[in-house]
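Sequence first, predicted model second:
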Amino acid sequence: MPSVNVVMSCGHPERRQVKGSGSNKAAQMRNMARHPCRECREEEARKAALMAERQGLPVMEGPPRQAAAAEVVRRELLHRMDPENGENPDLGPDWTPERAQRARRNVMAVTDSGWWLEHRADGAEQLHWFGEEMLVR
């Protein structure tokens, strides 16, 4: 299988294998280039795991590579939910700051790496509602 050098989003070149014909290869290479190289992804995952440990977050469960990716996603999503840093959604008049904080704490307790990866595109409002649902269980 032919391999080519692809300049990744972080600016580092990475040798990657591509399949198929001309236009398919070009599309694969463009898709690959949207992501950081393996070394930068691993470094980002190490930083996220260290930050999670410092914040007292529970250890992520799942296969090592999936858990590492989920650590990065968890950091991003918790940032979205933080009223001082994130999207600061209008959750409605029934949402007190205390209620929002409880929902955030519930989401913080999720250790299933698959859950975090499934919800990587969720906005702050949706994440707060997930946290609220966890309160009911």
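Alright, I've got the coordinates. Bear in mind the structure is a predicted one, so any value in this text is a computation, not a measurement.

Would you list the phi and psi of the residue nearest the centre of the chain?
In the chain, the centroid-proximal residue (Cα atoms, centre = their mean) is residue 73; its distance is 1.5 Å. Residue 73 adopts backbone torsions of phi -60, psi -40, taken as degrees, to the nearest 10.

With residue 58 instead?
phi -70, psi 160.

Tell me, how many residues neighbour the closest residue in space to it that isn't next to it in sequence?
Nearest non-adjacent residue to residue 58, counting by Cβ to Cβ, 6 or more residues apart in numbering: residue 111, 4.8 Å away. (C-beta placed from N, C-alpha, C; glycine too.) Number of residues near residue 111 (other Cβ atoms under 10 Å) recorded here: 16.

By mean pLDDT, point me to the weakest helix or strand of the protein.
helix 124-136 (a mean of 75; mean pLDDT, DSSP states H and E).

still on that earlier bit, could you measure from the residue nearest to the centre of the chain over to residue 60?
10 Å (Cβ to Cβ, to the nearest Å).

so where do the strands sit in the protein?
Under the criterion DSSP state E, the chain contains strands at 3-7, 13-17.

residues of the first one that come out buried?
Applying a neighbour-count criterion of 16 or more other Cβ atoms under 10 Å, one finds residue 6 buried in strand 3-7.

And the contacts of that strand?
Residues outside strand 3-7 that contact it (Cβ atoms under 8 Å, 6 or more residues apart in numbering) are 13-18, 25, 29, 32-33.

Now do it, average pLDDT.
If you average the pLDDT over strand 3-7, you get 88.

That strand pairs with which strands, and in what direction?
strand 13-17 (antiparallel) (DSSP bridges).

Just the C-alpha atoms of the partner strand, please, in PDB.
Only the C-alpha atoms of strand 13-17 are listed here, as PDB (Å, rounded to 0.1, in the frame of the first residue of the first chain):
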ATOM      1  CA  PRO A  13       4.700  15.900   8.500                       C
ATOM      2  CA  GLU A  14       3.600  12.400   9.100                       C
ATOM      3  CA  ARG A  15       4.000   9.300   6.800                       C
ATOM      4  CA  ARG A  16       0.500   7.900   6.200                       C
ATOM      5  CA  GLN A  17      -0.900   5.100   4.000                       C
END
